[in-house]
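Asks: Okay, here's the prediction I keep looking at, along with the sequence it came from:
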Protein chains: 2
Amino acid sequence: SGVCFSGLAVAFTLDKPTSCTWKAEPISGVKALRGAPSEMRLRMEKLCMDLQGQLCAELERFESGDKKFRVDRWTREEGGGGISCVLQDGESFEKAGINISVVHGNLPPAAVAQMRSRGKAMQEGKQLPFYAVGISCVVHPVNPMVPTIHFNYRYFEVSDSSGKILSWFGGGTDLTPYYLNEEDAKHFHSTLKQACDAHDKTYYPKYKKWCDNYFNIPHRKERRGIGGIFFDDLETPTKEDCFKFVSSCASSVIPSYVPLVEKHYRDSFKENHMRWQQLRRGRYTEFNLVYDRGTKFGLHTPAARIESILMSLPLTARWEYMHEPEKGSPEDELLQVLRTPKDWI
Amino acid sequence: SGVCFSGLAVAFTLDKPTSCTWKAEPISGVKALRGAPSEMRLRMEKLCMDLQGQLCAELERFESGDKKFRVDRWTREEGGGGISCVLQDGESFEKAGINISVVHGNLPPAAVAQMRSRGKAMQEGKQLPFYAVGISCVVHPVNPMVPTIHFNYRYFEVSDSSGKILSWFGGGTDLTPYYLNEEDAKHFHSTLKQACDAHDKTYYPKYKKWCDNYFNIPHRKERRGIGGIFFDDLETPTKEDCFKFVSSCASSVIPSYVPLVEKHYRDSFKENHMRWQQLRRGRYTEFNLVYDRGTKFGLHTPAARIESILMSLPLTARWEYMHEPEKGSPEDELLQVLRTPKDWI
């Protein structure tokens, strides 16, 4: 009664197939992740594997029978690898990508620079041993009434020049609607707030603000979307507390988003709604390519798997010269919120 | 017998309307540019105005009667302004933008850093007075058999910390085909080579190579297109020589490109050709947003006119996960040349 990982030539079996939704053999191997591993690296990898499997299953529900996530398990010559799950050109999703990476090796200075947010104590100009485990996901739906979601949760270990290992967590979940729906925005933010509040009442307001500041497109004077939560360099009060918090964030992804897909994926829409969606996807692309630290980190990492980094880009995008939505239109209503982020709860 | 600049509310008149193809009142005024100005700033502005007007007229020939370039004349609070001409959603051109800017003021450190290519002797961290005149253009045609062209010619003056004015020219013209046509590639490169050879036999090979190196997308291990010429920091042997060379380059733009439009704009094409064109436009966007110094310079210049900078982006673009053209297909043939640039003459 084993489980065959879909998309793989070789079949792997597990002891507890009922709990297994994994899309491929974990990078660290099945044995290392089975049961309750004690090392943080492995606990985090397990969390990523579980979420990837669950979310793939949730999203496939909105596609007709034969449309499934494509699974690519890749390895990295320098150490580690990843599992990329992509569903493209679906009925409900134009492009949905969920990527896990478990990579280690030595960090080049350019990558170290992109990795630092508030100035982790690392020497630049020097190759430093590192270990990174993370999951990253973007879902671009077909229907313009369904928002795009992005999330990313990651755990880093880097040795400093004295050999001491620094470790921290980072991540966040944020929403990019094409049309504003206050009820949806409230549902999304409340779900994230609940996950935060269970650990520290100061987290949601702090990380909501951090998210608004991070997903900013300065040259457009617009936010990318209506935000969510974002944090980095999390290492207090204890590593265990941090992991529990990240686990809650990961658990909140599906309940924050899937009900919105369910609610709107059959909404009617017209040509003009699609055109606006395409224009907003252009802005999404601008943010990801010009400002996103994760993307820049990837583009500067030697032998990075480019397809897994750039799978966050939409299938299609549009740039119109001097486009400005009509005052008071639903498109304009969204823009106002992107220009001046608001509190949803 | 005056000439009314199209797209402007106010009409301006010139002494010699027969030679005037300008699209709006020059930023430095009609009087300053009339006849033969002696200041290099003004001579360069006149060159830009002439080329903009001529190219707009040439491209409008491929559109039906009522489709014309939209003309926006804009001013910049900090000093100067520009004239942006854009034709969008045409029969023959999906998006064609020709922008002139004549700007001056003080450069912030971030912009200075983007401005330096081989390390012009400028102090960073200090605001420096500058004057920049340039023309920049991208033409994205509808028909996938017609290549995209980009060119940019510019003249800079920057005061160093002692008050001495450093000045130099930069620029180039390059071609991005979707399908390779050797005859077209040879025609394009030969036209540029002729313009170079008239001034210095070493220019074409040197600037062809520089172009291949500059329009590079390292994370894709591909060039953006099949190149052309590219140079920067040009200040020898004399300023007069440099200007004459830049004038020749500017004069070669229309003969290098318009015959290719003429030859192919009525070629038949299918859905699969369009899809490939869209994918290549995705790569074009990657280059412009991630690597292009001109774009980065613009995005970091305070109060820059973003619409004029990002008008270089295609109207539409596409990103498919793991797309790889069939071995030996015309799409693959292009890719081979983008991966290993070749000599066309």
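Replies: That came in fine, so what should we check first?
Asks: can we go C-alpha only for contacts and neighbour counts from here?
Replies: Fine.
Asks: Show the residue spans covered by the strands in the stretch 201-345 of chain A.
Replies: For the stretch 201-345 of chain A, strands defined by DSSP state E, counting those that start in this stretch occupy the ranges A:216-217, A:222-223, A:227-234, A:316-318.
Asks: so which of those strands comes closest to chain B?
Replies: Of all the strands of the stretch 201-345 of chain A, strand A:316-318 sits nearest to chain B, with 4.3 Å by CA to the nearest CA.
Asks: Quick one: residues in contact with that closest one.
Replies: Strand A:316-318 has contacts (CA atoms under 8 Å, 6 or more residues apart in numbering or on different chains) with A:275, A:278-282, A:285, B:314-319.
Asks: That strand pairs with which strands, parallel or anti?
Replies: Strand A:316-318 has these partner strands in its sheet, going by DSSP bridges: strand B:316-318 (antiparallel).
Asks: Wasn't residue A:171 part of a helix?
Replies: No - read with DSSP: H, G, I helix; E, B strand; the rest coil, residue A:171 is strand and lies in no helix.
Asks: okay, the strands of the stretch 201-345 of chain A in CSV with mean neighbour count next?
Replies: Formatted as CSV, the strands of the stretch 201-345 of chain A follow (neighbours: other CA atoms under 10 Å in any protein chain shown):
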stretch, mean neighbour count
strand A:216-217, 20
strand A:222-223, 22
strand A:227-234, 24
strand A:316-318, 22
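Asks: Would you format these as TSV with distance to residue B:243 and mean pLDDT included?
Replies: Listed next are the strands of the stretch 201-345 of chain A as TSV, based on distance: least, CA to CA, whole Å; pLDDT from 0 to 100:
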stretch	distance to residue B:243	mean pLDDT
strand A:216-217	38	96
strand A:222-223	40	98
strand A:227-234	50	96
strand A:316-318	37	98
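Asks: could those strands go into JSON lines alongside distance to residue A:250?
Replies: Listed next are those as JSON lines, based on distance: least, CA to CA, whole Å:
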{"stretch": "strand A:216-217", "distance to residue A:250": "23"}
{"stretch": "strand A:222-223", "distance to residue A:250": "23"}
{"stretch": "strand A:227-234", "distance to residue A:250": "12"}
{"stretch": "strand A:316-318", "distance to residue A:250": "28"}
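Asks: right, so of those, which gets closest to residue B:255?
Replies: Nearest to residue B:255, of all the strands of the stretch 201-345 of chain A, is strand A:316-318, at 30.2 Å by CA to CA.
Asks: For the closest residue to chain B within the stretch 101-250 of chain A, which non-adjacent residue is spatially closest?
Replies: Among all residues of the stretch 101-250 of chain A, residue A:219 sits closest to chain B, at 6.1 Å; criterion: CA to the nearest CA. Leaving out its chain neighbours, the residue that sits closest to residue A:219 by CA to CA, 6 or more residues apart in numbering or on different chains is residue B:299, at 6.1 Å.
Asks: what mean pLDDT does stretch A:42-52 have?
Replies: The average pLDDT within stretch A:42-52 is 97.
Asks: on that earlier part again, which of the contacts of strand A:316-318 fall within helices?
Replies: A:275, A:278, A:279, A:280, A:281, A:282, A:285 (DSSP state H).
Asks: helices or strands up against the longest helix belonging to chain A?
Replies: When chain A is parsed with DSSP H, its longest helix is helix A:239-264. Other elements packing on helix A:239-264 under the criterion 3 or more CA pairs under 8 Å, 6 or more residues apart in numbering or on different chains; DSSP states H and E are helix A:40-60, strand A:148-159, strand A:165-176, helix A:182-197.
Asks: pretty sure residue A:68 contacts residue A:88?
Replies: No - judged on CA atoms under 8 Å, residue A:68 makes no contact with residue A:88 at a distance of 9.1 Å.
Asks: So which of the two has more stuff around it?
Replies: Legend: neighbour count by other CA atoms under 10 Å in any protein chain shown for residue A:68 and residue A:88, higher for residue A:88 (24 against 20).
Asks: any idea how far that one is from chain B?
Replies: Distance from residue A:88 to chain B, counting by CA to the nearest CA, to the nearest Å: 8 Å.
Asks: Beta-bridge partners for that residue, please?
Replies: With DSSP bridges as the criterion, residue A:88 is bridged to residue A:95.
Asks: which residues sit in contact with it?
Replies: Residues in contact with residue A:88, defined by CA under 8 Å, 6+ apart, are A:69, A:94, A:95, A:96, A:315, B:320, B:321.
Asks: related to what we said a few turns ago, ok, which of the strands of the stretch 201-345 of chain A comes nearest residue A:186?
Replies: Residue A:186 lies closest to strand A:227-234 among the strands of the stretch 201-345 of chain A, at 10.4 Å (CA to CA).
Asks: Okay, now the sheet partners of the closest one, with direction.
Replies: strand A:165-176 (antiparallel).
Asks: Name the next helix or strand downstream of the helix-or-strand element of chain A with minimal mean pLDDT, please.
Replies: One helix or strand of chain A scores below all others by mean pLDDT, DSSP states H and E: helix A:109-115, with a mean of 62. Later in the chain than helix A:109-115, the nearest helix or strand by DSSP states H and E is strand A:128-141.
Asks: What are the buried residues along that following strand?
Replies: By neighbour count on 16 or more other CA atoms under 10 Å in any protein chain shown, the buried set for strand A:128-141 is A:128-141.
Asks: Against residue B:329, how distant is the spatially most central residue of chain A?
Replies: The residue lying closest to the centre of chain A (CA atoms, centre = their mean) is residue A:151, at 2.6 Å. As for residue A:151, its distance to residue B:329 is 38 Å (criterion: CA to CA, to the nearest Å).
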